[in-house]
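1. Pasting the sequence and the predicted coordinates here, then a few questions.
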Amino acid sequence: MNTSSCIGISTMKPCCRIWIGYRISSIFGGSHVKSSNSGKNNLLKSHSKSVRHCCYSNVKCQEKGYCKSEAGTGQRAFCVSDSSWGQSAVLAKNSFRIDKGSRKRGVLVIPRVGSDIRDHSTLIESHVNEKGFEKIYIQGGLNVKPLVIEKIETSNENVVKEEDNRVEVNGATVDLGILKDLNENVVVEREASEIEKEAWKLLRDSVVSYCGNPVGTVAANDPADKQPLNYDQVFIRDFVPSALAFLLNGEHDIVKNFLLHTLQLQSWEKTVDCYSPGQGLMPASFKVRTVPLDGSDGAFEEILDPDFGESAIGRVAPVDSGLWWIILLRAYGKITGDYALQERVDVQTGIRLILNLCLADGFDMFPSLLVTDGSCMIDRRMGIHGHPLEIQALFYAALRCSREMLIVNDGTKDLVAAINNRLSALSFHVREYYWVDMKKINEIYRYKTEEYSVDAINKFNIYPDQIPSWLVDWIPEEGGYLIGNLEPGHMDFRFFTLGNLWAIVSSLGTPKQNEGILNLIEAKWDDLVAHMPLKICYPALEYEEWRIITGSDPKNTPWSYHNGGSWPTLLWQFTLACIKMGRPELAQKAVALAEQRLSVDKWPEYYDTRSGRFIGKQSRLNQTWTIAGFLASKMLLENPEKASLLFWEEDYELLEICVCALSKTGRKKCSRSAARSQNHV
């Protein structure tokens, strides 16, 4: 057994120990690694089938704890070292930063030139010279020698000559030319508003630590809540806006820790009724628990207890957790410039396992992902089983992320080809069959049914009577949207906000469709935004439809919670979509609307009623992703260059890939060619 240790300081003075069961799937060309050779132990960075994380400490420890990992046969050590979480970093121009004490201070800002080249896969801060101007500026004061300028007149022109263009700063010589260039980029940071200071304090209060290091934020942190249920856990989807807020504020370590620790929880062998989840499944959430250490007096251990759905309402495994994890991993690399994390062997293996789970062949004929009800943000029965738009948009974004991050070699080239094929087929499928506007609804209204042939126009046998009466009067002349779901003989015409926003962010929709979605939101502002952005879906299920589809769910009553409630956390995704489409004024209008109420209402989880006027009847207060979504929106609007790192433009190469052309059957007819002109719009 090999033992390695690393010194770390923490308030809990813990000792970390991790036991890991190790396995590499043979489909990736890996083999079992033996630990007899101690020199190979640092290469054990692949996927762990089962993980037990614990952090134990004797209460008699006084000064420092130490992080210790023990690796045995087929095991690998994993330890996150103590970090300088919360320290300042190099920020983009026009950015603002709130430190832990919410103090106003000036920072030299050096713009970073964005690039996709990964020749330097390290943090930006590592390239900043310790003697640089930023350090001098923060320390305060320049011991500047007065300049003596001699003006020399000539017959043709006036020439200004500097007798001494170098000054002495703290004993070091500094070229004034460099200082002049740097000084042009110095931005005086604006003072944060009171609501922003409050939001940052609440966000930091929600941080969860494990072994002395921050690993995430709880879903809600309301001191008055006596029954937190699972709101005291760290959810993968909930943490994404928190992660973006920290990343945009220059605090990277908490995000890195979160990504690595959740990776260790992947494919945990918890079951429901003795059935194991698929390899690669990411948990919906995890909780840091402190339990007594067996056989030790006065010692305790910290363990990470994940939930894969076996404790959730309805016992449904989360489909979106792995997709959000991949999206956040890319965002971390884009914002920090640290691509080394995503290039690690264990991280690369984690990406492949998630993709293998999503791309597995099954009975489905569609390129969209088949999921059950309650497997995403709408985690209760709401009639979204089948192929809901939200999952398809996140799936598309995760595929695009993975194509950027995967290292192409003999073991991954087939996977990359499968990603390209799926991206092409999925984009065509959603653009062609999910999109509705006035023109498309009129076509559906005149559909013929019971068509049997490859030339059928009504491919899914949609009956025109399915067009709801509310839609006929609601759809604007200009604009449109992607419907919530598509299945044989069924179209769910509800407007689901998250799926439509991510269709814009990921370019799942065409440029014309993306513009149409924002046009519809603007035209139907009173319905989708009203007093609080934004409706999770529109319209709500009511009367008999609500009783049949939701099972008379008392929490999803009409215009509440998932059934037409207003969710402030959707604000940051709306902001990102608006910035991408060159319409930040829409996002600014929505942010200003939310800013008037969120702090006064104590940052609720959601709002009720058709116009979003009431705080949700069962809404948690101090909801973390409400707080983080507001902060992320503010920073994205002030740093549009950072926002540009988080969305995708149209990829025209994907439009040229046709899965039918790769088929061995040599089919000549392809429905894709009929819509190719639309895809290029």
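-> Cool, got the structure. Numbers count the residues shown, from 1 in each chain.
2. following the top helix by length along the chain, which helix or strand comes up?
-> Ranked by residue count, the top helix of the chain under DSSP state H comes out as helix 413-433. Next helix or strand after helix 413-433 toward the C-terminus (DSSP states H and E): strand 435-437.
3. which helices and strands sit right next to that next one?
-> strand 480-487 (3 or more CB pairs under 8 Å, 6 or more residues apart in numbering; DSSP states H and E). The way it works is simple: take the backbone N, C-alpha and C, and place the C-beta from them, glycine included.
4. just to revisit the earlier point, just the CA trace of the longest helix of the chain, in PDB.
-> The C-alpha coordinates for helix 413-433 follow below in PDB (Å, rounded to 0.1, in the frame of the first residue of the first chain):
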ATOM      1  CA  LYS A 413     -12.000   8.800 -32.700                       C
ATOM      2  CA  ASP A 414     -15.100   6.600 -33.000                       C
ATOM      3  CA  LEU A 415     -16.800   8.500 -30.200                       C
ATOM      4  CA  VAL A 416     -16.000  11.800 -31.800                       C
ATOM      5  CA  ALA A 417     -17.500  10.600 -35.100                       C
ATOM      6  CA  ALA A 418     -20.600   9.500 -33.200                       C
ATOM      7  CA  ILE A 419     -20.900  12.900 -31.600                       C
ATOM      8  CA  ASN A 420     -20.700  14.700 -35.000                       C
ATOM      9  CA  ASN A 421     -23.300  12.400 -36.400                       C
ATOM     10  CA  ARG A 422     -25.600  12.900 -33.400                       C
ATOM     11  CA  LEU A 423     -25.200  16.700 -33.500                       C
ATOM     12  CA  SER A 424     -26.100  16.800 -37.100                       C
ATOM     13  CA  ALA A 425     -29.200  14.600 -36.800                       C
ATOM     14  CA  LEU A 426     -30.400  16.300 -33.600                       C
ATOM     15  CA  SER A 427     -30.100  19.800 -34.900                       C
ATOM     16  CA  PHE A 428     -32.000  18.900 -38.000                       C
ATOM     17  CA  HIS A 429     -34.700  17.000 -36.100                       C
ATOM     18  CA  VAL A 430     -35.400  19.800 -33.600                       C
ATOM     19  CA  ARG A 431     -35.200  22.600 -36.100                       C
ATOM     20  CA  GLU A 432     -37.500  20.900 -38.500                       C
ATOM     21  CA  TYR A 433     -40.100  19.200 -36.200                       C
END
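5. and the angle from that helix to strand 480-487?
-> 110 degrees (axes from the mean of the first three to the mean of the last three CA atoms, to 10 degrees).
6. Mind listing what's buried along helix 413-433?
-> Residues of helix 413-433 classed as buried: 415-416, 419-433 (neighbour count, 16 or more other CB atoms under 10 Å).
7. same deal with stretch 595-611?
-> Result for stretch 595-611 [16+ other CB under 10 Å]: buried residues 595, 597-599, 601-611.
8. That stretch spans what distance, first to last residue?
-> End-to-end span of stretch 595-611 (CA to CA, to the nearest Å): 16 Å.
9. mean confidence score for it?
-> The pLDDT scores in stretch 595-611 average 98.
10. Run through who's touching it.
-> Here stretch 595-611 makes contact (CB atoms under 8 Å, 6 or more residues apart in numbering) with 195, 198-199, 202, 220, 222, 526-527, 530-532, 536, 540, 559-561, 564-568, 613-617, 619-623, 626-627, 630.
11. so what does the longest helix of the chain touch, helix or strand wise?
-> Right, helix 413-433 is packed against helix 345-358, helix 389-405, helix 652-655, helix 672-679 by 3+ CB pairs under 8 Å, 6+ apart.
12. for the ones you listed, which one sits closest to Ile313?
-> With CB to CB as the criterion, Ile313 lies closest to helix 389-405 of those, at 17.9 Å.
13. Run the angle between that closest one and helix 413-433 for me.
-> 140 degrees.
14. distance of Ile313 from Gly551?
-> Separation of Ile313 from Gly551 (CB to CB, to the nearest Å) stands at 12 Å.
15. Now the longest helix of the chain: average pLDDT?
-> On average, helix 413-433 scores 96.
16. got it, and stretch 326-342?
-> So the average pLDDT for stretch 326-342 ends up being 98.
17. Which of the helices or strands spans Gly362?
-> Using DSSP H and E, no helix or strand contains Gly362.
18. coming back round to it: now list the buried members of the contacts of stretch 595-611.
-> Here the buried ones among these, as counted with 16+ other CB under 10 Å, turn out to be 195, 198-199, 202, 220, 222, 527, 530-532, 536, 540, 559-561, 564-568, 614-616, 619-623, 626-627, 630.
19. which ones among these are found in helices?
-> Counting by DSSP H, the buried ones among the contacts of stretch 595-611 place 195, 198-199, 202, 527, 626-627, 630 in helices.
20. Would you reformat those residues as TSV and include pLDDT and distance to Asp455?
-> Formatted as TSV, these follow (pLDDT from 0 to 100; distance: CB to CB, whole Å):
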residue	pLDDT	distance to Asp455
Ile195	97	59
Glu198	98	61
Ala199	98	57
Leu202	98	59
Asp527	98	38
Thr626	98	50
Ile627	98	54
Phe630	98	51
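21. Helix or strand for Gly216, just tell me which one.
-> If you go by DSSP H and E, Gly216 is part of strand 213-217.
22. Model confidence for the nearest residue to Gly280 once chain neighbours are set aside, exactly?
-> Spatial nearest neighbour of Gly280, chain neighbours left out: Leu353 (3.3 Å); criterion: CB to CB, 6 or more residues apart in numbering. The per-residue pLDDT reported for Leu353 equals 95.
23. again with Ile313
-> Looking at Ile313, its pLDDT reads 85.
24. ditto for Pro277
-> 75.
25. The one 5 residues further on too?
-> According to the predicted model, the pLDDT of Met282 comes to 96.
26. which ones are touching it?
-> Applying CB under 8 Å, 6+ apart, the residues contacting Met282 are 236, 262, 265-266, 318, 321-322, 325, 354.
27. What about the residues you listed, which are in strands?
-> Among those, no member falls in strands (criterion: DSSP state E).
28. now Gly582: how far from Leu498?
-> Gly582 is 21 Å from Leu498, by CB to CB.
29. pretty sure Val408 is in a helix, no?
-> No - according to DSSP: H, G, I helix; E, B strand; the rest coil, Val408 belongs to no helix; its state is coil.
30. So which residues of the stretch 201-350 of the chain form helices?
-> 236-248, 253-264, 320-336, 345-358 (DSSP state H, counting those that start in this stretch).
31. can you list the ones you listed in TSV and add distance to Phe460 and mean neighbour count?
-> Listed next are these as TSV, based on distance: least, CB to CB, whole Å; neighbours: other CB atoms under 10 Å:
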stretch	distance to Phe460	mean neighbour count
helix 236-248	30	26
helix 253-264	37	23
helix 320-336	24	23
helix 345-358	23	21
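32. Tell me how far Gly362 lies from Trp546.
-> From Gly362 to Trp546 the distance is 32 Å (CB to CB).
33. Tell me which of these two has more neighbours.
-> Looking at Gly362 and Trp546 with other CB atoms under 10 Å, you find the greater number of neighbours at Trp546, namely 19 against 6.
34. so the more buried one, which of the three states?
-> When the rule is three-state DSSP, Trp546 gets the label helix.
35. still on that earlier bit, point out the least confident one among the contacts of Met282.
-> Out of the contacts of Met282, that is Gln266, at 90.
36. so how many other residues sit close to that one?
-> Using other CB under 10 Å, Gln266 is surrounded by 26 other residues.
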